[in-house]
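# Below is the sequence, then the predicted model.
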Amino acid sequence: MKKLATLLAATALVSTFALAAQAKTLVYCSEASPEGFDPALYTGGQTFDASSRTAYNRLVEFKHGGTELEPGLAESWTISPDGLEYTFKLRAGVKFQTTEYFTPSRDLNADDVIFSFERQLKADHPWHKYVEGAAWEYAAGMGLPENVKAVEKVDDLTVKFVLNKPEAPFLANLGMDFASIMSKEYADKLQADGKMGQLNQMPLGTGPFTFVAYQPDAVIRYKANDTYFKGKEKIDDLVFAITTDAAVRAQKLKAGECHVMPYPNAADVADLKADPNLNVIEQPGLNVAYLAYNTTQAPFDKPEVRKALNMAINKQAIVDAVFQGAAQPAKNPIPPTMWSYNDKVEDDKYDVDAAKAALEKAGVSGLKMKIWAMPVSRPYMLNARRAAEIMQADFAKIGVEVEIVSYEWAEYLDKSKAKDRDGAVMLGWTGDNGDPDNFLDTLLGCNAVGGNNRAQWCNKEFDDLVKKAKVTSDIAERTKLYEEAQVVFKREAPWATIDHSVGFTPVSKKVIGYQMDPLGIHRFDGVDISE
């Protein structure tokens, strides 16, 4: 399998840029390597960009540039009056991609949908643990294994989801990356050949771009899917040039070596805007950055200790230093652009003396702790190392000694999930579907402990509120419940909320039709390029 991937890489990547003269090639300077190519296994945006948004589709999709749903692989759907049954009518004639490593013999059908979800929901499914340590973080964190009673085949082009209880955000959840539809025929062949791991290394779906090759930490190549059900894309080749340094990404963009780059350094934005060959798209991010304490470990198991530390953090200094003002300090775990945001919540006031007194009152002295700093730029945190250094200095003022640690990005994400993790981990979130549940339950619910809930925080009062909101269809009632949940969150302080950022995406003026996405993903379907 590795030999095949290497051979493909060697043959396909030699003339990447030479191909530009013969075909329309768009080069995206991505910020990090994907964790893998099975989007249901991971939560990283760079992984979704490289897998679910290129090779795959979902039953329902979000319209470009927004959170409104539209038909995807399902041309229509119905929901039962009691909210317990979702029935999807699949498009006829949808083709899976043909690659050098697999040629499909049939079109998409209900079996593919059932396989794609049951492997995540059933612990005894043969594909449930095909990757060591597979946690299916999204499915598990949203409680889907407990709530999805069955995924049933009505006929070849009709599939039904049966729930144990109503779930208001369920349809929107199916537009998320974890819900990408895989080929059961391809999976069956890999299983028969003893090559199950290839599903996570060499993707094959129905999406707009067909995977060609991956040279780890360097380049991913795709070609337009000739049989895409929406029609072949206008660009012929899509290249992900993996470039972890934001300054280098900016240099490559200005030099014409790539056409789109994510997450520029705040200090570079003005220069990029001044370049006559570039457009810099910007929009408020549907995001939050946070510092998650491990609430199971002393002394972070005490809310009064966590709140004392929060009062010591100068969030405005972080916004000024890291974002050059293109962000705002965060007080809630959801952004102010999201419905149900509780603006009445009062933030922990930055007060060094009060923080020191609160820590002493809690009986804590001589505290030594670790702050984990992300090794990559994300929209919600452009420079985690710099932010960590500011917090390190802030905590020193109240007698807390901080060691800053980091790991390679995939390892960082994996290690930070551990229930016995030490210290506080810096992370963040960009909304997947525009629903508050995607923040409050996915990141802070009891189901997500050991996964997306990096604070390992299970609070019954909070959890009851968000779980009740999940089964409530009335928006006004859901809003009230989420507002109450934010009050509990602020009182208990499992996180230090840091910022909500403005997102910037610099794009070559040669690029036509690219849209910045509030969900933080980078899509190249529907995009063209002039040469």
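In hand now; what should we look at?

# Quick check: buried residues in stretch 338-345?
Neighbour-count burial for stretch 338-345 flags 338, 340, 341, 342 (criterion: 16 or more other C-beta atoms under 10 Å). In short, each C-beta sits where N, CA and C put it, glycine included.

# Report the contact partners of the closest residue to residue 413 other than its chain neighbours.
Computed as C-beta to C-beta, 6 or more residues apart in numbering, the closest residue to residue 413 that is not its neighbour in sequence is residue 44, at 6.3 Å. Residue 44 sits next to 32, 34, 35, 409, 410, 413 when contact means C-beta atoms under 8 Å, 6 or more residues apart in numbering.

# biggest separation within these, which pair?
34 and 413 (11.7 Å; C-beta to C-beta).

# what is in contact with the two at once?
Counting by C-beta under 8 Å, 6+ apart, the common neighbours of residue 34 and residue 413 are 42, 44.

# Which of these two has more residues huddled nearby?
residue 34 (26 against 20; other C-beta atoms under 10 Å).

# hang on, the more buried one packs against residue 54?
No - contact criterion C-beta atoms under 8 Å: residue 34 and residue 54 do not qualify, at 10.2 Å.

# Where does pLDDT dip in this structure?
Regions of the chain meeting the criterion pLDDT under 70 cover residues 1-22.

# Swap in 50 and give it another go.
1-21 (pLDDT under 50).

# any idea which strand is longest in it?
strand 495-508 (DSSP state E).

# Who are the packing partners of that one?
helix 246-254, helix 269-274, strand 278-284, strand 287-293, helix 303-312, helix 315-323, strand 327-329, strand 424-430 (3 or more C-beta pairs under 8 Å, 6 or more residues apart in numbering; DSSP states H and E).

# Which positions in that strand come out as buried?
Under 16+ other C-beta under 10 Å, the buried positions of strand 495-508 are 495-508.

# With stretch 186-204 instead?
In stretch 186-204, counting by 16+ other C-beta under 10 Å, buried: 186-187, 189-190, 196-204.

# got it, and stretch 94-102?
Neighbour counts over stretch 94-102 (16+ other C-beta under 10 Å) mark 94, 96, 97, 99, 101, 102 as buried.

# remind me, longest helix of this structure?
Identified as the longest helix of the chain according to DSSP state H is helix 475-492.

# Tell me what the residue nearest to residue 114 when sequence neighbours are not counted is bridged to.
Spatially, and ignoring its direct neighbours in sequence, residue 114 is nearest to residue 151 (5.0 Å; C-beta to C-beta, 6+ apart). With DSSP bridges as the criterion, residue 151 is bridged to residue 161.

# can you put the helices and strands packed on strand 495-508 in CSV and add distance to residue 73?
Below are those laid out as CSV (distance: least, C-beta to C-beta, whole Å):
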stretch, distance to residue 73
helix 246-254, 33
helix 269-274, 37
strand 278-284, 28
strand 287-293, 28
helix 303-312, 44
helix 315-323, 38
strand 327-329, 37
strand 424-430, 24
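
# Closest one to residue 364 out of the contacts of residue 44, please.
residue 413 (29.3 Å).

# So what does the closest one look like in phi/psi?
Backbone torsions of residue 413, given as degrees, to the nearest 10, read phi -60, psi -40.
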